[in-house]
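S.K.: with the input below, show me the fold.
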Amino acid sequence: MLTEMFVSFILLFVLLTIIFKISGNRTIPLGFDYRNVWILSINTGISPDNNDKIKNDSLEGLQIADLLEREVKNNTEVVAAAKNMYNIPYSDIYRSELKYGDKSCYNVTYSATDANYPDVMNIKMQEGRWFEKSDIGRNETPIVINEVLKKSFFGEEPALNKVIQSGLYRVIGVVKYFKIRGEFTENTPHFFIMMKPGDMPWQLLIRSRPGSGEAFRCDLITRTSAIAKDWTITAGKLSDFRKRTFQIDWMPVIVISIISAFLIINILLGLMGLLWYNISLRKPEIGLRKSVGAPTGKIEKQLIGEMLALTTLGIIPGVIIAFQFPLLGAFNIKPGIFISAILTATLLIYLFVFISTVLPTTIVAGIKPAEALYEE
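M.R.: Below you'll find the model as predicted:
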């Protein structure tokens, strides 16, 4: 029984920690608006990583890309459109390491885009400004960073006009939030690079009027494919990317939940059978006590209390182990999440044991003294 209590507590603690962490991220603002946003993906047949080949061998491609953008913006259903390279919202494939003096920030996600991006994604500036045409040709590439990256490098100091990455980038603006992976992730470091005139876009991000559906998507593909006949062009809603990302992110949680639920149910069934057997062995004791006037309620309380005491002995080692995680600051998870998981797991274990104990205890305690002593 003690082993079952310990295993159940550890399973619940791990599962609740994951759920509380993901759910807690939901309260942090997303930083952009995915609704009514479409992604027009452009495949020229040349590897996106080989941007120099596109610029040197296919300058015509850049002209076609400009024609595509103009054609998209001429659509009456389009509110705004922006070129994009590298990561799009709900995708964090491309990462980099940034340095400022002796400070380094690892696994920083980034996107390259143009001046229209805030209009498409409804991004609000916290400090400074977004890219402008006047930024073209500057020695340092203008970038906009989010608040997490700002605090990593500059703390509470102003970030504007700071030059990072050995003079490669100049910070011109800061956005408070931008959770590129979505609502259930943390606000991790991210920055936006201004696209240069010779950069070939990989996507066009498009904000449409509310209500635009399949007809709008078909119209987009038809018009753009007529211009870029040798390219592969696809279009889809950003909300569909969001759903796929959530399925990927939540799949491990769902699998762990199913496995944990299966194990805990089996443990509870085994526990109920074990309790039933152990309490049944005490029928003579219960019959003797009732024959001398012991109330049924007191007998029930005693048996349930004994089981809860055993439960306490079983989960104490688990609680001791679990408390090491907030003390060590493990996995970059806030201590409050660990504490909440410990308390909730403890309460659930007590609840499960109470439910498993009540039925056999009530039945055995309700036996008449004559029946119990007769069997003995």
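
S.K.: may I see the buried residues of stretch 75-89?
M.R.: By neighbour count with 16 or more other C-beta atoms under 10 Å, stretch 75-89 contains the buried residues 75, 77-89. Using the backbone N, CA and C atoms, a C-beta is placed for each residue, glycine as well.

S.K.: oops, could you answer that again for stretch 118-129 instead?
M.R.: For stretch 118-129, by 16+ other C-beta under 10 Å, it's 118, 120-121, 123, 127-128.

S.K.: nearest to Arg181 among those residues?
M.R.: The closest of the buried residues of stretch 118-129 to Arg181 turns out to be Met121 (C-beta to C-beta; 14.7 Å).

S.K.: how many neighbouring residues does the residue lying closest to Ser104 once chain neighbours are set aside have?
M.R.: With C-beta to C-beta, 6 or more residues apart in numbering as the criterion, Ser104 has its nearest non-adjacent residue at 6.2 Å, and that residue is Glu97. Applying the criterion other C-beta atoms under 10 Å, we find 10 residues in the vicinity of Glu97.

S.K.: also the one 3 residues further on?
M.R.: Tyr100 is surrounded by 19 other residues when neighbours are defined as other C-beta under 10 Å.

S.K.: that one bridge partners, please.
M.R.: Here Tyr100 shows beta-bridge partners Lys103, assigned using DSSP bridges.

S.K.: so it touches Phe153, yeah?
M.R.: Yes. Contact criterion C-beta atoms under 8 Å: Tyr100 and Phe153 qualify, at 4.3 Å.

S.K.: what's the domain layout of this protein?
M.R.: Structural domains annotated on the chain: 2-27+244-375, 37-230, as defined by automatic domain parsing.

S.K.: one step back: check contacts around the residue nearest to Ser104.
M.R.: In this structure, Glu97 makes contact with 104-108, judged by C-beta atoms under 8 Å, 6 or more residues apart in numbering.

S.K.: could you rerun that using 10 Å?
M.R.: Each residue near Glu97 by C-beta atoms under 10 Å, 6 or more residues apart in numbering is listed here: 104-108, 165.

S.K.: helix or strand: which one has it?
M.R.: For Glu97, the enclosing helix or strand under DSSP states H and E is strand 95-100.
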